[in-house]
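A.B. asks: Quick one, what's the 3D model for this:
(one chain, ligands or ions: 1)
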Amino acid sequence: MGDRNLTLKWKGTSLELIDQRKLPFREEYLICRDAGSTARAIRDMVVRGAPAIGVAAAYGVTLAANQYTGDSKDEFLSLVRKGVHLLSKSRPTAVNLFWALSRMEKLLDKNIGESIDHIKQVLETEAKKIEQEDIETNKAIGRNGLIAIRGLAKNKLSVLTHCNAGALATAGYGTALGVIRSLHENHRIERVLVDETRPYLQGARLTSWELYQEGIPCTVITDNMAAFFMSRKEVNVVVVGADRVAKNGDSANKIGTLGLSVLARHYRIPFFIAAPVSTIDFDMHSGDQIPIEQRDGREVREVMGTRIIPDYIPVENPSFDVTSSKDITGIITEKGTIYPPYVENIAKLEQELV
Ligand code: MRU
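C.D. replies: Numbering: from 1, shown residues only. Alright, predicted model coming up:
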């Protein structure tokens, strides 16, 4: 399943998304036929994970374009731009969403003088390219992660991960799980400790499901057990994904990642972020500028539809937190692993990209 694209399937006039709210017990696909339904699917977590959101949004723009059957260029352009706007409002933290939308918009602007059919064609090709590139990128992250991590211990490694940064969170293979897949292919995995990741349970429901299907030994723990296993030297390395990395290396990821990074520092355990370069926000100087999504309190009040907290008790639901770059051993990207000093090394990478 690693590089089999089960997260999303492009069908030309529709986008099929595996409904991640229903996994692991039901494999159902939700069909999006326009930008609005794609934006809702992103907002409602049918599709989730930074790179997967970006790919879905690119197809959402394509759907907006392909839906138009008239012959007014102005109408067509305004429909596509409305689609881009709707998609941009779906979730605020993962920068890959805005990165993908900006790629689509740039192409729209570049081809503005062309025919409607030509623009439709160009947008669809670009969305497919974003999807294909993501799989290649993740495989490169996997290879670079192997180089960064395999030297840490002679024996097989016990790796702790949080949330789901796997095939389901990307177009295929995964970022943090791409690194774990690559370590496993090289016989370096003892087991993966999977944080359940309250409140949405991406670790318990999605990561364990992916790892099990790949035959990678894994054990689910509740989020409050990480310190226990670290204190008993049962964690050799922590590898997680990211939703947005600032220019100083501060990294936003699923709520709970910050706590893990502090624990890892305390127990002197290497802590790696695995993310594509498209997750680096070169306009953001530090992590405190990263917008943090506040999700519906019902996700905290309920566990899989069962109420555990009554309405009269207040709850909070910040969906992400920011790990300080000083607690990050390295940021594994498709271009190699970035090590401290992050400000200098991320600036160097930015220069290489222009
Ligand atoms: O709220 P989610 O499930 O979209 O959050 C996902 C994460 O935090 C992932 O770790 C991150 O997007 C990296 S995915 C390769």
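A.B. asks: and the closest residue in space to residue 234 that isn't next to it in sequence, what element?
C.D. replies: Using Cβ to Cβ, 6 or more residues apart in numbering and skipping the chain neighbours, the partner closest in space to residue 234 is residue 158 (5.6 Å). C-beta here means a position set from N, CA and C on the backbone, and glycine is covered the same way. Residue 158 belongs to strand 157-161 when assigned by DSSP states H and E.
A.B. asks: can you check residue 109 too?
C.D. replies: Using DSSP H and E, residue 109 falls in helix 95-110.
A.B. asks: Would that helix count as contacting the ligand?
C.D. replies: No: Helix 95-110 does not reach the ligand (Cβ under 6 Å from any ligand atom); its nearest approach is 7.9 Å.
A.B. asks: residues of that helix that come out buried?
C.D. replies: By 16 or more other Cβ atoms under 10 Å, the buried positions in helix 95-110 come out as 95, 96, 97, 98, 99, 100, 101, 103, 104, 105, 107, 108.
A.B. asks: So what's the gap between that helix and the chain middle?
C.D. replies: 17 Å (Cα atoms, centre = their mean, to the nearest Å).
A.B. asks: Which other helices and strands does the strand holding residue 158 contact?
C.D. replies: helix 176-185, strand 189-195, helix 226-231, strand 237-240 (3 or more Cβ pairs under 8 Å, 6 or more residues apart in numbering; DSSP states H and E).
A.B. asks: any chance of the ones you listed in CSV, with mean neighbour count too?
C.D. replies: Formatted as CSV, these follow (neighbours: other Cβ atoms under 10 Å):
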stretch, mean neighbour count
helix 176-185, 27
strand 189-195, 22
helix 226-231, 16
strand 237-240, 26
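A.B. asks: Show me which residues of the stretch 101-250 of the chain are close to the ligand?
C.D. replies: 163, 165, 169, 170, 175, 202, 241, 242, 243.
A.B. asks: Please tell me I have it right and the first one contacts residue 240.
C.D. replies: Yes: using Cβ atoms under 8 Å, residue 163 makes contact with residue 240 at a distance of 6.8 Å.
A.B. asks: I'd like to know how many residues surround the residue of the stretch 101-250 of the chain found nearest the ligand.
C.D. replies: The nearest approach of the stretch 101-250 of the chain to the ligand comes at residue 241, 2.7 Å away (Cβ to the nearest ligand atom). Each residue near residue 241 was counted by other Cβ atoms under 10 Å, and the total is 32.
A.B. asks: three-state assignment of the residue lying closest to it once chain neighbours are set aside?
C.D. replies: For residue 241, ignoring the flanking residues on the chain, the nearest one in space by Cβ to Cβ, 6+ apart is residue 165 at 2.8 Å. Remark: residue 165 carries the secondary structure label coil [criterion: DSSP: H, G, I helix; E, B strand; the rest coil].
A.B. asks: Residue 181 is in contact with residue 165, correct?
C.D. replies: No: taking Cβ under 8 Å as the definition, residue 165 is not a contact partner of residue 181, at 11.2 Å.
A.B. asks: Between those two, which contacts overlap?
C.D. replies: Counting by Cβ atoms under 8 Å, 6 or more residues apart in numbering, the residues touching both residue 165 and residue 181 are residue 174.
A.B. asks: show me what contacts the closest residue to the ligand within the stretch 251-354 of the chain?
C.D. replies: Here the stretch 251-354 of the chain gets closest to the ligand at one residue, residue 254, 3.4 Å apart by Cβ to the nearest ligand atom. Each residue near residue 254 by Cβ under 8 Å, 6+ apart is listed here: 162, 163, 197, 202, 240, 241, 243, 319, 320, 321.
A.B. asks: how many degrees apart are the helix or strand where residue 122 lies and helix 176-185 in direction?
C.D. replies: Take DSSP H and E as the rule and residue 122 turns out to sit in helix 116-149. In terms of direction (axes from the mean of the first three to the mean of the last three Cα atoms, to 10 degrees), helix 116-149 departs from helix 176-185 by 50 degrees.
A.B. asks: got the angle for helix 116-149 vs strand 157-161?
C.D. replies: Going by the same axes, to 10 degrees, helix 116-149 makes 140 degrees with strand 157-161.
A.B. asks: Can you list the buried residues in helix 116-149?
C.D. replies: For helix 116-149, by 16+ other Cβ under 10 Å, it's 116, 119-124, 126-127, 130-131, 133-135, 137-146, 148-149.
A.B. asks: average pLDDT across that helix?
C.D. replies: Helix 116-149 comes out with an average pLDDT of 98.
A.B. asks: what's the answer for stretch 298-318, then?
C.D. replies: Computed over stretch 298-318, the average pLDDT equals 96.
A.B. asks: what do you get for stretch 248-267?
C.D. replies: Mean predicted lDDT for stretch 248-267 stands at 98.
A.B. asks: Would you mind measuring the gap between the ends of it?
C.D. replies: End-to-end span of stretch 248-267 (Cα to Cα, to the nearest Å): 24 Å.
A.B. asks: now do stretch 312-322
C.D. replies: OK, stretch 312-322 end separation, Cα to Cα: 30 Å.
A.B. asks: can you give me the offset of it from its chain's centre?
C.D. replies: The answer for stretch 312-322 is 20 Å, by Cα atoms, centre = their mean.
A.B. asks: List the buried residues of it.
C.D. replies: Buried-residue list, stretch 312-322, by 16+ other Cβ under 10 Å: 317, 319, 320, 321, 322.
A.B. asks: Got phi/psi on the third one?
C.D. replies: Read that as residue 320. Main-chain torsions, residue 320, degrees, to the nearest 10: phi -140, psi 160.
A.B. asks: now the helices and strands packed on strand 157-161 as a markdown table including mean pLDDT?
C.D. replies: Listed next are the helices and strands packed on strand 157-161 as a markdown table, based on pLDDT from 0 to 100:
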| stretch | mean pLDDT |
| --- | --- |
| helix 176-185 | 98 |
| strand 189-195 | 98 |
| helix 226-231 | 98 |
| strand 237-240 | 98 |
